[in-house]
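# structure for the following, please:
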Amino acid sequence: MSSANEPGPRVAARLRILHTEASLGWGGQEIRILDEAEGISGRGHSVALAAPREAPIFEAARKRGLEAVPLPIARKSPGGFFALRRWLQAHPVDVINTHSSTDSWLAALACATLARAPAIVRTRHISASVPTNLPTRWLYRTATRHVVTTSESLRLQLIRDNGLAPERVSSPVPATRRGASPASRPIAGWSASSPRCGAGRAIAT
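Okay, here's the model as predicted:
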């Protein structure tokens, strides 16, 4: 029999996670974002989604019971940058999971100007080549803590063509809502050490 003074099982820290999506379209990428956000929320983490109010994913997130934050991030603009930065100042989070080019840049620049910025995780959904110019190298190698790809081939592409360290790129099984079949149910949630922009890691746990 265990003693009353013995520590109980370790419980993972509850994280505050903001997903961002700039796209005004609707398809598999947006559905995957919502499935993952809902799955991670169901595991006890605080999850919100920032998107343009006019984007289909915004209303879809609300219908699923997720917190949806209307921000003007459909384009790379000063208005989108300042809106996201103000929101982060008022609502600190541990992790930002970006999903498209525009919101990734806005989040990276916002984080670069905050004293206590969250870790950025960039999910790469498409197979188009990532540029190798200096600004993009900064985005992927410095501003982003970890890159998640939707397939192993995309992961290998970023390592081979863009020089990302293998340990900073992963292709985990996507999070799903509770009730998914055991074969497709992953272990979900982000664990970030020392949440701030820059070097470090964020891993799916």
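# helix or strand, whichever it is, which one in the protein has the lowest mean pLDDT?
Least confident helix or strand, the chain: strand 202-204 with a mean of 34, by mean pLDDT, DSSP states H and E.
# could you find the closest non-adjacent residue to Arg85?
Using Cβ to Cβ, 6 or more residues apart in numbering and skipping the chain neighbours, the partner closest in space to Arg85 is Ala110 (4.1 Å). Heads up, the C-betas are built off the backbone N, CA and C, glycines and all.
# what helices or strands is the helix or strand where the one you found lies leaning on?
Element membership of Ala110, judged by DSSP states H and E, is helix 101-112. Packed against helix 101-112 by the contact rule (3 or more Cβ pairs under 8 Å, 6 or more residues apart in numbering; DSSP states H and E) you find strand 16-20, helix 78-90, strand 95-98, strand 119-124.
# among those, which is the most enclosed?
With neighbours defined as mean count of other Cβ atoms under 10 Å, the helices and strands packed on helix 101-112 peak in mean count at strand 95-98, which reaches a mean of 27.
# distance between that strand and the chain's centre?
Its chain's C-alpha centre and that of strand 95-98 lie 3 Å apart, by Cα atoms, centre = their mean, to the nearest Å.
# likewise stretch 139-156?
The answer for stretch 139-156 is 11 Å, by Cα atoms, centre = their mean.
# that one: end-to-end distance?
Start-to-end span of stretch 139-156 (Cα to Cα, to the nearest Å) is 18 Å.
# can you list the buried residues in that stretch?
Buried residues in stretch 139-156, counted by 16 or more other Cβ atoms under 10 Å: Leu139, Tyr140, Ala143, Thr144, Arg145, His146, Val147, Val148, Thr149, Thr150, Leu154, Arg155.
# so how far is the helix holding Ala110 from its chain's centroid?
12 Å.
# so where is this structure shaky, pLDDT-wise?
1-12, 173-205 (pLDDT under 70).
# quick one: the strands in it?
When secondary structure is read from DSSP state E, the chain shows strands at 16-20, 46-51, 67-70, 95-98, 119-124, 146-149, 169-170, 190-192, 202-204.
# I'd guessed Thr149 sits against Asn162; true?
No - using Cβ atoms under 8 Å, Thr149 is not in contact with Asn162, being 11.5 Å away.
# picking that back up, can you list the strands of the chain in CSV and add distance to Gly39?
Converted to CSV, the strands of the chain look like this (distance: least, Cβ to Cβ, whole Å):
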stretch, distance to Gly39
strand 16-20, 11
strand 46-51, 9
strand 67-70, 15
strand 95-98, 12
strand 119-124, 14
strand 146-149, 14
strand 169-170, 16
strand 190-192, 12
strand 202-204, 11
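# looking at those strands, which is closest to Pro131?
Of all those, strand 119-124 sits nearest to Pro131, with 12.9 Å by Cβ to Cβ.
# what is that closest one packed up against?
By 3+ Cβ pairs under 8 Å, 6+ apart, strand 119-124 packs against strand 95-98, helix 101-112, strand 146-149, strand 190-192.
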